[in-house]
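Peer 1: Make a model of this:
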Amino acid sequence: MSQTALPGPAAPALVRPSVRRSIKVEPLTCTIGAELSGVDLGDASRDADLFTEIRELLLQHKVLFLRDQDITRAEHVAFAQRFGPLEDHPVAGSDPDHPGLVRIYKELDSPPEHYENALHTDGTWRETPAMGAVLRCVTTPSVGGDTLWVNMAEAYRRLPDRVKEQIDGLRARHSIEATFGAVMPTEARHRLKAQYPDAEHPVVRTHPETGEKILFVNGFTTHFVNYHTPENVRFGLDYAPGAANLLTYLISQAAIPEYQVRWRWQPNSVAIWDNRSTQHYAVQDYWPAVRRMERAGIVGDRPF
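Peer 2: Here you go, the predicted structure:
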């Protein structure tokens, strides 16, 4: 058996022992991330047993990394679709020949934007944020352009008990209007919000497969919706800036290095992540150079 157990308390205990372990697995940190070898995702797109093995490893490590995956776009999409239907992106759009495959191309003349280089969970402005994603590197700079992922189950687990008590039952708004929409003309921004109204999610969500509690606030989160109660607010300062300070503190937990893994890309490298329990950050430190990535995002469920 080549599987190496993930050390530390972060690994969920419900990975089914019946799953065959034929893949070499190398954990990259004590908290999150593992590199797989001896597997081809093109094969996994056609082999249900191999896919099941990868899915169970994803639940354990939260983000998986593979190198030398010279797969076609059709195989990329077919593998991701084994997790579930793929979602489109209202701003980035999809490859016209492969619906659900978003081309994230940063060329020398690309306009500057600052959505990737922020810690975030994909699509929490949706009522049903993405379950996860499969991201393949097409072109990468010779230096720079890494991506970081964060274990938000560990971030919740290590919160002080008094903070866990304070946020129990809290809910928050997540907005595409306040992020992607902010650079749009007013009418276009309003149309975007009408199409994607602000979503409301629990501040602490439960992972539907592992049962883990996850700190579920990020750069798309704007404010709490049920904080202003007699138990929390005696005077105005308890709410403003009190609630905002608490939200800032919670969002800042994703910046703690002990919860993170950092991946250096090469052409045909692939990352598969569980969007329900992680955040990520694409480091934009590589200009003047190009970086071309292709991502298949998987439709998720309603957080609870």
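Peer 1: which phi and psi does S37 have?
Peer 2: phi -140, psi 160 (degrees, to the nearest 10).
Peer 1: What are the boundaries of the strands in the stretch 1-150 of the chain?
Peer 2: 24-27, 34-37, 63-66, 101-106, 132-139, 147-151 (DSSP state E, counting those that start in this stretch).
Peer 1: Ranking these by mean neighbour count, which comes first?
Peer 2: Burial of those is given as mean neighbour count (mean count of other CB atoms under 10 Å); strand 147-151 ranks first at a mean of 26. Heads up, the C-betas are built off the backbone N, CA and C, glycines and all.
Peer 1: starting at the chain centroid, how far to that one?
Peer 2: Remark: strand 147-151 is offset 8 Å from the chain centroid, using CA atoms, centre = their mean, to the nearest Å.
Peer 1: Same question for stretch 90-104.
Peer 2: Computed by CA atoms, centre = their mean, the chain-centroid distance of stretch 90-104 equals 18 Å.
Peer 1: which other residues reach it?
Peer 2: The contact list for stretch 90-104 (CB atoms under 8 Å, 6 or more residues apart in numbering) reads 73-74, 76-77, 80-81, 85-89, 116, 176, 180, 192, 195-196, 292-297.
Peer 1: on that earlier part again, lowest average confidence across the strands of the stretch 1-150 of the chain, which one?
Peer 2: Lowest mean pLDDT of the strands of the stretch 1-150 of the chain: strand 101-106, a mean of 92.
Peer 1: Mind listing the strands it pairs with, and their directions?
Peer 2: Strands that pair with strand 101-106, judged by DSSP bridges, come out as strand 291-298 (antiparallel).
Peer 1: and the partner strand with strand 132-139, angle?
Peer 2: Put simply, strand 291-298 runs at 160 degrees to strand 132-139, going by axes from the mean of the first three to the mean of the last three CA atoms, to 10 degrees.
Peer 1: Next, the buried residues of strand 291-298.
Peer 2: R291, M293, E294, R295, A296, G297, I298 (16 or more other CB atoms under 10 Å).
Peer 1: Please identify which of those residues is nearest to G123.
Peer 2: Set against G123, the nearest of these by CB to CB is G297 (7.1 Å).
Peer 1: so how far is Y227 from the closest one?
Peer 2: G297 is 31 Å from Y227, where distance means CB to CB, to the nearest Å.
Peer 1: returning to that earlier point: okay if I get the strands of the stretch 1-150 of the chain as JSON lines plus distance to P160?
Peer 2: Below are the strands of the stretch 1-150 of the chain laid out as JSON lines (distance: least, CB to CB, whole Å):
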{"stretch": "strand 24-27", "distance to P160": "27"}
{"stretch": "strand 34-37", "distance to P160": "29"}
{"stretch": "strand 63-66", "distance to P160": "26"}
{"stretch": "strand 101-106", "distance to P160": "37"}
{"stretch": "strand 132-139", "distance to P160": "29"}
{"stretch": "strand 147-151", "distance to P160": "18"}
